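[1] My questions are about this predicted structure, shown below with the sequence.
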Amino acid sequence: MSIGFIGCGNMAGAILSGLLSSKTVKENEVNVFDIYSPAVSKLKSQYEINACENESDVVNKSDIVILAVKPNVLLSVLEKISKAVKERNPLLISIAAGKTTDYIAEPLSSKTRIIRVMPNINAKVGEAICAYTANENATDEDKKATEKIFSSVGEIIYLDESFFPLFGVLGGCTPALAYMFIDELARAGVKHGMKKDIALKVAAQAVLGSAKMILESDDHPYDLIDKVCSPGGTTIEAVTSLQSDGFEAAVHNAVDKAVEKDKLL
C-alpha cells in the first residue's frame, strides 16, 4: 500500500510519523509534495520517503492520497489532480477543515472514493481524537484503511457528516480549553509556593490520568468525582467552589459560542 501526501505541514508530519512508527507503511511507500519545498526537505531529512514533482505525480504513484492542505487552497489542488484521479482512482482522504465530501467531489469524477477526516492537534503526541465520514463510493476496505492510518495517531470514530461542525468544537477546541485549565491549576500552585515547572507537571499528569480513568473505566465522571471527594475534605471544597463560581455554565457557554462561530465561517 502506497500513501501520498499533498501538503507537508505539521499535521501531515504527525500522521506520517505515526504511520512509520506503527509500521503501517514503509518509508519507500510514501510519496510527498508541497508547493513550499522546504516543508518537503524537512520530511526528507527525517525519512527516506519519495519527493514528487507535483500534485498529480503524488496521485499517479499512490494508492491512497491524503489531502493535507489549507481549506483555502483545496479547490485549486482538486482541479490540478482531477485528471490523474479520474485515470487512477485512488482513495482520497481530506483533512481540510470545513470542506465537505460534496465540496471535494464537485470538481472530480463521479466515481471518486472520498473520505473526510477531522484530526486534532494531539496527533503530534499520538493521542488525537479523529472523526471520519465517507461518500457513497468509498468501500468498507477504504474505511478500514482510513481507520488503520489514523489509529496510528490516536483514536478514530465514524461520524455522520452533519455532526462534523460540533465535533470540530468538542474535538478541536477542547485541547485549548484543557491547556487553559492545566495552566491555571499550575499558576494556583505557584501562588501557594510551588515552582511552575513542577506545578505544571503535576497538573498535566493529573488531568492525563483523569482522562484515562474516564476512558478505561465504566464509571460516569460524576461517580468518579464522588469517589475522590471525602466528606468534609479538600476536594469537595474545591468542587463546590467551582460550581458556585459557575464552572459548568462557563464550559457550556464556551461550547455554545464556538458552535455559533463555526456557523459563520
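    All right, it came through fine. Numbers count the residues shown, from 1 in each chain.
[2] Which strand or helix spans Leu108?
    Using DSSP states H and E, Leu108 sits within no helix or strand.
[3] so it touches Leu78, yeah?
    Yes - counting by Cβ atoms under 8 Å, Leu108 touches Leu78, with 6.3 Å between them. (Glycine included, C-beta is placed from N, CA and C.)
[4] Between the two, which has more neighbouring residues?
    In terms of neighbours (other Cβ atoms under 10 Å), Leu78 is the more surrounded of Leu108 and Leu78; the figures are 25 against 19.
[5] Figure out the helix or strand that the more buried one lives in.
    Secondary structure from DSSP H and E places Leu78 in helix 71-88.
[6] and after that helix, which helix or strand comes next?
    Assigned by DSSP H and E, the successor of helix 71-88 is strand 91-94.
[7] can you list the residues that contact the helix or strand just after that following strand?
    Using DSSP H and E, the helix or strand that follows strand 91-94 towards the C-terminus is helix 101-105. Helix 101-105 has contacts (Cβ atoms under 8 Å, 6 or more residues apart in numbering) with 67, 74-75, 78, 92, 94, 112, 114-116, 133-135, 161.
[8] list the buried ones in stretch 225-241?
    Cys229 (16 or more other Cβ atoms under 10 Å).
[9] Show me the helices in the chain, by range?
    10-21, 37-46, 55-61, 71-88, 101-105, 140-151, 164-167, 174-191, 196-216, 221-228, 234-244, 247-264 (DSSP state H).
[10] Among the contacts of helix 101-105, which one has the most neighbours?
    Within those, neighbour counts (other Cβ under 10 Å) peak at Leu92, which reaches 29 neighbours.
[11] export stretch 135-149 as PDB, just CAs?
    The C-alpha coordinates for stretch 135-149 follow below in PDB (Å, rounded to 0.1, in the frame of the first residue of the first chain):
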ATOM      1  CA  ASN A 135     -19.100   9.300   0.400                       C
ATOM      2  CA  GLU A 136     -21.100   6.600  -1.300                       C
ATOM      3  CA  ASN A 137     -18.200   5.400  -3.500                       C
ATOM      4  CA  ALA A 138     -15.900   4.600  -0.500                       C
ATOM      5  CA  THR A 139     -15.800   0.900   0.200                       C
ATOM      6  CA  ASP A 140     -15.600  -0.900   3.500                       C
ATOM      7  CA  GLU A 141     -11.900  -1.600   2.700                       C
ATOM      8  CA  ASP A 142     -11.400   2.200   2.300                       C
ATOM      9  CA  LYS A 143     -12.900   2.800   5.700                       C
ATOM     10  CA  LYS A 144     -10.800   0.100   7.300                       C
ATOM     11  CA  ALA A 145      -7.700   1.600   5.700                       C
ATOM     12  CA  THR A 146      -8.600   5.000   7.000                       C
ATOM     13  CA  GLU A 147      -9.100   3.700  10.500                       C
ATOM     14  CA  LYS A 148      -5.800   2.000  10.300                       C
ATOM     15  CA  ILE A 149      -4.000   5.100   9.200                       C
END
